[in-house]
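A.B. asks: Build me a model from this:
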Amino acid sequence: PEETATAGSTGNTFTIVVSNTGSSTADNVHVTDTVPDELDVQSVTASLGSDQDPSDQGIDWLIPSLGAGASVTLTVTYNVGADVDSQLVDNTAGVYSDEETSAVNDSDDVQVIAPATLSGAVYVDVNNNGVRDNGELGIPGVVITLERLPSQGGNPVFVDQTTTSGDGSYSFTTFDAGTY
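C.D. replies: Numbering: from 1, shown residues only. All right, here's what the predicted structure looks like:
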């Protein structure tokens, strides 16, 4: 998949690029997309045209006229419900016009992934064996910082910070899978 989105995430985007590769103007260009229910469409924006039914989960974008060699990019902003299981979601958009009445379809997919969690404890390891044994006390009030390691090298990127609780435990939830 070209894109990933975490279950429960908001503000994700995908784009649909419509290009007129013909030698004349295309009139009444419709971009249609019945977006799968796993992706909850929040908005669609473009420099030209308008959505014919903005309250609908799907897209029916009308571009009144698209000149030869011109293109328009639609940016679709969507959320993924927290209850969506990890899965590959396939999405297909189609384009037709007065001149090209058979829809030209193209599809792409989004890999929905479960949010990652990380938890642990800071404690006094009395016997220095690296395992928390019965009776080894947690240390409260320790600041734990979560940083993501870039895949191409470079400096770690701050993600979140928490403080250990009274028993020394800590937890980070709802962040993207990766190397931390």
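A.B. asks: For this protein, give me the ranges with low pLDDT.
C.D. replies: For the chain, the stretches flagged by pLDDT under 70 are 1, 55, 174.
A.B. asks: One more pass at 80, please.
C.D. replies: 1-2, 53-57, 115-116, 151-153, 174-178 (pLDDT under 80).
A.B. asks: who touches the residue located most distally from the centre of it in this structure?
C.D. replies: For the chain, the largest distance from the centre (C-alpha atoms, centre = their mean) belongs to Asn127, which lies 45.0 Å off. Applying C-beta atoms under 8 Å, 6 or more residues apart in numbering, one finds that Asn127 lies in contact with Asp133. (C-beta placed from N, C-alpha, C; glycine too.)
A.B. asks: How about the one 4 residues further on?
C.D. replies: Neighbour list for Val131: Asp125 [criterion: C-beta under 8 Å, 6+ apart].
A.B. asks: returning to what we had before: how much space separates the residue farthest from the centre of the chain from Glu136?
C.D. replies: Computed with C-beta to C-beta, to the nearest Å, the distance linking Asn127 and Glu136 is 8 Å.
A.B. asks: next one: Gln87
C.D. replies: 41 Å.
A.B. asks: In contact with the closest residue in space to Ser165 that isn't next to it in sequence, which residues are there?
C.D. replies: Leaving aside its sequence neighbours, Ser165 sits nearest to Pro140 (C-beta to C-beta, 6 or more residues apart in numbering; 6.3 Å). Shown in contact with Pro140 (C-beta under 8 Å, 6+ apart): Thr164, Ser165, Gly166, Asp167, Gly168.
A.B. asks: Return the members of the residues you listed classed as buried.
C.D. replies: Thr164, Gly168 (16 or more other C-beta atoms under 10 Å).
A.B. asks: Tabulate the contacts of Pro140 in JSON lines, adding columns for distance to Ser102 and secondary structure.
C.D. replies: Output for these, formatted as JSON lines (distance: C-beta to C-beta, whole Å; DSSP: H, G, I helix; E, B strand; the rest coil):
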{"residue": "Thr164", "distance to Ser102": "62", "secondary structure": "coil"}
{"residue": "Ser165", "distance to Ser102": "62", "secondary structure": "coil"}
{"residue": "Gly166", "distance to Ser102": "67", "secondary structure": "coil"}
{"residue": "Asp167", "distance to Ser102": "65", "secondary structure": "coil"}
{"residue": "Gly168", "distance to Ser102": "65", "secondary structure": "coil"}
